[in-house]
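1. My questions concern the predicted model and sequence given below.
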Amino acid sequence: MIRRLSFCAIVTTLTLAPAFAVDKNMLELQREVGLLEEAVKQLQQSQDKQLAALQTLVQQSLTASNQASRDVAVIQSNFAQTGNQLKDQVVAPVVGLNTRMDQVSNDVRTLQQAMADLTSSISQIKSQLSDVSNAVKVLSTPPPPPPTATMPGTTGASALPGSSPFGGAPAPPMNQTDLFNAAQADYNTGKLDLAMQEFQDFLKYFGNSDMAPNAQYWIGQIDYSNKNYDAAVQAFDMVVEKYPDSSKVRDAKYYKGMSLVAQHKLTDAHKVFQDMEKSYSGTESANKACTEDKVIGFNCYKAAAGATRRKRP
């Protein structure tokens, strides 16, 4: 009997042991499932809160964007209105100013033309006044008194009809100073032919005066200006030969050399320039002559020994 009870107890024990173990596992599993559900629930709640906050931020951003769009539209509208106002206030006056400036430019050009015409008229009037002044001087110069001469066989002086203190030549139209100044004025105003005649008249009547070398020099200058180089050389030679002590000799030599250069007589020109370099060493005249010597392909006087002719460029 006892064995039977023991066996039953053992069987019962063996039977209940697994069932108890299973219940314990299930309880653990249920507890973990509950914890998991709680965690999921909390996670869901957190996500809901975050989504709500994100939705709020998105809504705020959308509202701000809409407000910004409205503000931009307002700014654009104000800018357009301001631009139109500026256009009305600035463009129209600027257009008017441009028109006014064009008118002013036209007026200035008209004034410049008028000034040019006035200057030309004044120059003509000055030239005419100079001519009138010369004519007045000629007319106001009293005729020279008839000269007296002693006739053969007489003791007294008597006037010879038609005689003149200038060796039978007619009296000069004016005194030497006025005649020279008139010639110089005509030369300066470009009336070269008239100036030439007046300088020649000066030499004719006052060839031995102090201003005679100057008159001869300006005759050479007129020929040089007119490119009459042969005549210019002769005129400048006359200054050197007839008036060797004149201050115009240096200039006459220089322009004689330049006249020879213009005729391509380079060797003759070199002789003239070298003579100046020797005679006026250390002066501006010698420097000018030296410069021209180099231009035509010769060395200056200081380097004359062994000098070789260079090809003219």
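-> Nice, I can see it. Quick caveat, the model's predicted, so the values are computed rather than measured.
2. what about the strands in the chain?
-> For the chain, the strands defined by DSSP state E cover 148-150, 157-159.
3. Do a quick rundown of the helices in the stretch 51-200 of the chain.
-> In the stretch 51-200 of the chain, helices defined by DSSP state H, counting those that start in this stretch lie at 92-140, 176-188, 192-206, listed in chain order.
4. Just send these back as TSV, with mean pLDDT, mean neighbour count and distance to residue 72 too.
-> C-beta coordinates here come from the backbone N, C-alpha and C atoms, glycine included. Shown next, in TSV, are those (pLDDT from 0 to 100; neighbours: other Cβ atoms under 10 Å; distance: least, Cβ to Cβ, whole Å):
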stretch	mean pLDDT	mean neighbour count	distance to residue 72
helix 92-140	72	11	30
helix 176-188	94	19	79
helix 192-206	95	18	83
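5. right, and these - which one's nearest residue 275?
-> helix 192-206 (25.2 Å; Cβ to Cβ).
6. which strands and helices sit next to the closest one?
-> helix 176-188, helix 212-225 (3 or more Cβ pairs under 8 Å, 6 or more residues apart in numbering; DSSP states H and E).
7. hmm, try it at 10 Å
-> Packing partners of helix 192-206 (3 or more Cβ pairs under 10 Å, 6 or more residues apart in numbering; DSSP states H and E): helix 92-140, helix 176-188, helix 212-225, helix 229-242.
8. Tabulate the ones you listed in JSON lines, adding columns for distance to residue 252.
-> As requested, those are exported to JSON lines (distance: least, Cβ to Cβ, whole Å):
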{"stretch": "helix 92-140", "distance to residue 252": "27"}
{"stretch": "helix 176-188", "distance to residue 252": "16"}
{"stretch": "helix 212-225", "distance to residue 252": "6"}
{"stretch": "helix 229-242", "distance to residue 252": "4"}
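9. Quick check: which of these is nearest to residue 40?
-> Residue 40 lies closest to helix 92-140 among those, at 75.9 Å (Cβ to Cβ).
10. just to revisit the earlier point, can you lay out the helices of the stretch 51-200 of the chain as JSON lines showing distance to residue 222?
-> Shown next, in JSON lines, are these (distance: least, Cβ to Cβ, whole Å):
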{"stretch": "helix 92-140", "distance to residue 222": "18"}
{"stretch": "helix 176-188", "distance to residue 222": "7"}
{"stretch": "helix 192-206", "distance to residue 222": "5"}
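11. Of those, which is nearest residue 38?
-> Among the helices of the stretch 51-200 of the chain, helix 92-140 comes nearest to residue 38, with 79.9 Å by Cβ to Cβ.
12. List of residues touching stretch 67-80?
-> Here stretch 67-80 makes contact (Cβ atoms under 10 Å, 6 or more residues apart in numbering) with no residue beyond itself.
13. and it, which residues are buried?
-> Of the residues in stretch 67-80, none count as buried by neighbour count, 16 or more other Cβ atoms under 10 Å.
14. quick check, distance from it to the centre of its chain.
-> Mean-position distance between stretch 67-80 and its chain equals 52 Å (Cα atoms, centre = their mean, to the nearest Å).
15. for the helices and strands packed on helix 192-206, which one sits closest to residue 301?
-> Short answer: helix 229-242, nearest of the helices and strands packed on helix 192-206 by Cβ to Cβ, at 18.4 Å.
16. buried stuff in the closest one?
-> Neighbour counts using 16+ other Cβ under 10 Å place 229, 231-233, 235-236, 238-240 of helix 229-242 among the buried residues.
17. From the contact counts, what lies against that helix?
-> Applying 3+ Cβ pairs under 10 Å, 6+ apart, one finds that helix 229-242 contacts helix 192-206, helix 212-225, helix 249-262, helix 266-279.
18. got CSV for the ones you listed, with distance to residue 118 too?
-> Formatted as CSV, these follow (distance: least, Cβ to Cβ, whole Å):
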stretch, distance to residue 118
helix 192-206, 25
helix 212-225, 29
helix 249-262, 37
helix 266-279, 45
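19. Between those helices, which one is closest to residue 65.
-> Proximity to residue 65 (Cβ to Cβ) singles out helix 212-225 among these, at 89.6 Å.
20. Kindly format the C-alpha coordinates of that closest one as PDB.
-> C-alpha atoms of helix 212-225 as PDB (Å, rounded to 0.1, in the frame of the first residue of the first chain):
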ATOM      1  CA  ALA A 212      71.400 147.300 -94.000                       C
ATOM      2  CA  PRO A 213      72.800 143.800 -93.000                       C
ATOM      3  CA  ASN A 214      69.500 143.000 -91.500                       C
ATOM      4  CA  ALA A 215      67.600 143.900 -94.600                       C
ATOM      5  CA  GLN A 216      70.000 141.800 -96.700                       C
ATOM      6  CA  TYR A 217      69.600 138.900 -94.300                       C
ATOM      7  CA  TRP A 218      65.700 139.100 -94.500                       C
ATOM      8  CA  ILE A 219      65.900 139.100 -98.300                       C
ATOM      9  CA  GLY A 220      67.700 135.700 -98.000                       C
ATOM     10  CA  GLN A 221      65.100 134.500 -95.600                       C
ATOM     11  CA  ILE A 222      62.300 135.400 -98.000                       C
ATOM     12  CA  ASP A 223      64.100 133.400-100.800                       C
ATOM     13  CA  TYR A 224      64.600 130.500 -98.400                       C
ATOM     14  CA  SER A 225      60.900 130.500 -97.500                       C
END
